[in-house]
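Fold the following and give me the result.
(one chain, ligands or ions: 2)
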Amino acid sequence: MYGKDMETLKKENMNLSDKIYIFDTTLRDGEQTPGVALTADEKIQIAQKLDKLGVDKLEAGFPASSKGEVESARKIKELDLNTTVVGLARSVKSDIDAVLDANLDYIHTFIGTSPLHRDYKLKMSKEDIINKSVEAVEYARDHDLTVEFSAEDATRTERDFLVDIFSGVINAGVSFIDVPDTVGVLTPIVTRELITDLKNEFKTPLSVHFHNDFGLATANTLTAIECGANQAHVTVNGMGERTGNTSLEELVVALKVAYGIDLDIDTTRLYSLSDLIGRLTGVKMPVNKPIVGANAFAHESGIHVHGILNNSSTYEPISPELVGHSRKIILGKHTGANALKSKLKEYHIDLNDEQFQNVFDQIKTLGDKGKCITDDDLKAIAVTELGSAREKAIKLVGLGLLSGAVVSPTATVKLEIDGVIKETSHTGVGPVDAAINAIRELIQDTMDIELEEYNLEAITGGTDALAEVFVISSDSEGNKSTGRAINDDIVMASVLAVLDSINKLLLIKRSHNFQ
Ligand code: KIV
Ligand code: ZN
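Residues are numbered from 1 along each chain as shown. Ligands and ions are numbered 1, 2, ... in the order given. This is a model prediction of the structure:
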């Protein structure tokens, strides 16, 4: 951990609040991610997970926007979670009524305050905007709602007007004032000046709601917290309008690890929650997304893997366990023998020196072709190497393919059968079929085979995934044998798998002949 204790941080020019609230808006701003719409059941599932994670507040939706939003917010409220359930509303009575319909007792009401919003969206004067906001807050307070007020586009609003409108709603009884950086234009230094100024001006707890248009949302939120912000709006995976909001996982982990501020959030749940949101929304995280990306704890280079194997802190700022993620040692062209040995040991795969060298060479060759070898790839390569240790009667010497719009797919296969080289070409419905037809023709004097089963699987995702082919072949005497092979080329994997099964059938046949 790199953080210092709270007292030290405060002495170091930080005006940290004693309690920092996490206001999650995954179900509202997060759902505004283009193309995302969650069902009520999905929202409930997410709300339960957010509650278990330990967020202080969760914005369930925007009830005025549809009947479904009222229903899902009401159902979430009925779960009786520890977290406070919030509903969004514009500063109009009908929106506030929708929040009341959902039975919520905490409202997040907002109005645009910047010149752009005043002149082009609302077409209202400053005075009218203040009056409307105050009326809305009074109406909500009259209905016993706790009110948080956002000055939408606050960061492009004249400072004196921002102070005026916040003063108005504070007098009307809001519990939190919120500063949205609606289009993500803040930088850390401007955030420092703005939040310090507002904290000096108001005693009312201050919240921030930052967007990520310049990739600065987390940095700006941390700066706001350094300057005394009492609450941060966040979303899981940084979901939200356009480039999203401050990411919950980045903020919470940075506060815990880099500042030493523990927020009572169960960080071990972060990865599974991120994964759930990715699956339910269809918005998958980039592999290099901090904290939850697939590569957040993945290591490939021999130097890094060597360090990690000795002490994971050499190349990891936090342990994957802290966020419920897992470490991955990726094998590829940068892999060293140590990493490979440790991986094989982990999977209890025992190879002799020659087999080890063959696996190592295969990994390097695939790496040079630009591939990364995952753990599953490695297991398949190593097991195949183990299985291929026996002497083979039939060996592949060469494979050529021809296909196109005007020619039938044609495969030329060259085999060494009991020491004799044979070659033929054959057509088929596709290149795999053509290659297997050619093999069948070449071995017809030795044996007659039928392909009973053919299974092709990509070991990992992507168009350059390794192909794993599993086959079952039978001979004319009814013997059956499996065969498997892995290759980055589907036809090659298919040919090698078929030959693997034929060699086994031949072993069976020849052992019978000796009986
Ligand atoms: O970004 C924004 O300004 C908002 C408001 C509704 C607070 O999401
Ligand atoms: Zn927003």
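
Spatially nearest residue to residue 506 (excluding sequence neighbours)?
For residue 506, the nearest residue in space outside its immediate sequence neighbours is residue 393; the separation is 5.0 Å by Cβ to Cβ, 6 or more residues apart in numbering. C-beta: built from backbone N, CA, C; applies to glycine.

Ok, residue 280 next?
For residue 280, ignoring the flanking residues on the chain, the nearest one in space by Cβ to Cβ, 6+ apart is residue 42 at 5.0 Å.

now the one you found: how far from residue 59?
Plainly put, residue 42 is 15 Å away from residue 59 if you go by Cβ to Cβ, to the nearest Å.

Which one of these two is surrounded by more residues?
More neighbours sit around residue 59 than around the other of residue 42 and residue 59, counting by other Cβ atoms under 10 Å; the figures are 26 against 18.

SS state for that one?
Under DSSP: H, G, I helix; E, B strand; the rest coil, the three-state class of residue 59 is strand.

how about it, what does it touch?
Contacts for residue 59 were tallied using Cβ atoms under 8 Å, 6 or more residues apart in numbering; they are 23-25, 27-29, 86-88, 108, 233.

Touching, residue 400 and residue 412? I think so.
Yes: between residue 400 and residue 412 a contact is recorded at 4.1 Å, counting by Cβ atoms under 8 Å.

So between those two, which is more surrounded?
The neighbour count for residue 400 versus residue 412, taken as other Cβ under 10 Å, is higher for residue 412 (16 against 13).

quick one, phi psi at that one?
Backbone geometry at residue 412, expressed as degrees, to the nearest 10, gives phi -110, psi 120.

related to what we said a few turns ago, tell me which element the residue nearest to residue 280 falls in.
In this structure, residue 42 sits in helix 40-53 according to DSSP states H and E.

Can I get that helix in PDB, CA atoms only?
This file holds the C-alpha atoms of helix 40-53, laid out as PDB (Å, rounded to 0.1, in the frame of the first residue of the first chain):
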ATOM      1  CA  ALA A  40     -36.200  -4.000 -14.400                       C
ATOM      2  CA  ASP A  41     -34.900  -7.500 -13.400                       C
ATOM      3  CA  GLU A  42     -31.400  -6.600 -14.500                       C
ATOM      4  CA  LYS A  43     -31.500  -3.300 -12.600                       C
ATOM      5  CA  ILE A  44     -32.600  -5.200  -9.500                       C
ATOM      6  CA  GLN A  45     -29.700  -7.700  -9.900                       C
ATOM      7  CA  ILE A  46     -27.200  -4.800 -10.200                       C
ATOM      8  CA  ALA A  47     -28.700  -2.800  -7.300                       C
ATOM      9  CA  GLN A  48     -28.300  -5.900  -5.000                       C
ATOM     10  CA  LYS A  49     -24.700  -6.200  -6.000                       C
ATOM     11  CA  LEU A  50     -24.000  -2.500  -5.600                       C
ATOM     12  CA  ASP A  51     -25.600  -2.700  -2.100                       C
ATOM     13  CA  LYS A  52     -23.400  -5.700  -1.200                       C
ATOM     14  CA  LEU A  53     -20.400  -3.800  -2.500                       C
END
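
And for residue 509, the neighbour number?
Here the count is done by other Cβ under 10 Å, and residue 509 has 16 residues near it.

so who does it touch?
Here residue 509 is in contact with 447, 475, 477, 479 (criterion: Cβ under 8 Å, 6+ apart).

The stretch 1-150 of the chain: helices as residue ranges?
Under the criterion DSSP state H, counting those that start in this stretch, the stretch 1-150 of the chain carries helices at the ranges 6-11, 40-53, 67-78, 93-101, 115-116, 126-142.

Quick check: residue 168 touching residue 132?
No: counting by Cβ under 8 Å, residue 132 is not a contact partner of residue 168; they are 10.1 Å apart.

What about ligand 1: which of the contacts of residue 59 touch it?
Applying Cβ under 6 Å from any ligand atom to the contacts of residue 59, one finds that residue 29 fall near ligand 1.

Please narrow the contacts of residue 59 to those residing in strands.
Among the contacts of residue 59, DSSP state E puts 23-24, 86-88, 108, 233 in strands.

can the residues you listed go into JSON lines with extra columns for neighbour count and distance to residue 350?
What follows is those, written out as JSON lines (neighbours: other Cβ atoms under 10 Å; distance: Cβ to Cβ, whole Å):
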{"residue": "23", "neighbour count": "25", "distance to residue 350": "54"}
{"residue": "24", "neighbour count": "28", "distance to residue 350": "48"}
{"residue": "86", "neighbour count": "26", "distance to residue 350": "57"}
{"residue": "87", "neighbour count": "32", "distance to residue 350": "60"}
{"residue": "88", "neighbour count": "25", "distance to residue 350": "60"}
{"residue": "108", "neighbour count": "26", "distance to residue 350": "60"}
{"residue": "233", "neighbour count": "31", "distance to residue 350": "54"}
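
Could you export those residues as TSV, including distance to residue 126?
As requested, these are exported to TSV (distance: Cβ to Cβ, whole Å):
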residue	distance to residue 126
23	27
24	32
86	27
87	27
88	23
108	22
233	25
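
Name the nearest of those residues relative to ligand 1.
residue 88 (6.1 Å; Cβ to the nearest ligand atom).

residue contacts, the closest one?
Residue 88 makes contact with 28, 59, 61-63, 95, 99, 107-110, according to Cβ under 8 Å, 6+ apart.

which one of these is nearest ligand 1?
Minimum distance to ligand 1 across the contacts of residue 88 is 4.6 Å, recorded for residue 110 (Cβ to the nearest ligand atom).

how about the residue nearest the centre of the chain, secondary structure?
Centroid check for the chain by Cα atoms, centre = their mean gives residue 285 as the closest residue, at 3.4 Å. Assigned with three-state DSSP, residue 285 falls in the coil class.

wait, doesn't it sit right on residue 291?
No: taking Cβ under 8 Å as the contact criterion, residue 285 and residue 291 are not neighbours in contact, 9.4 Å apart.
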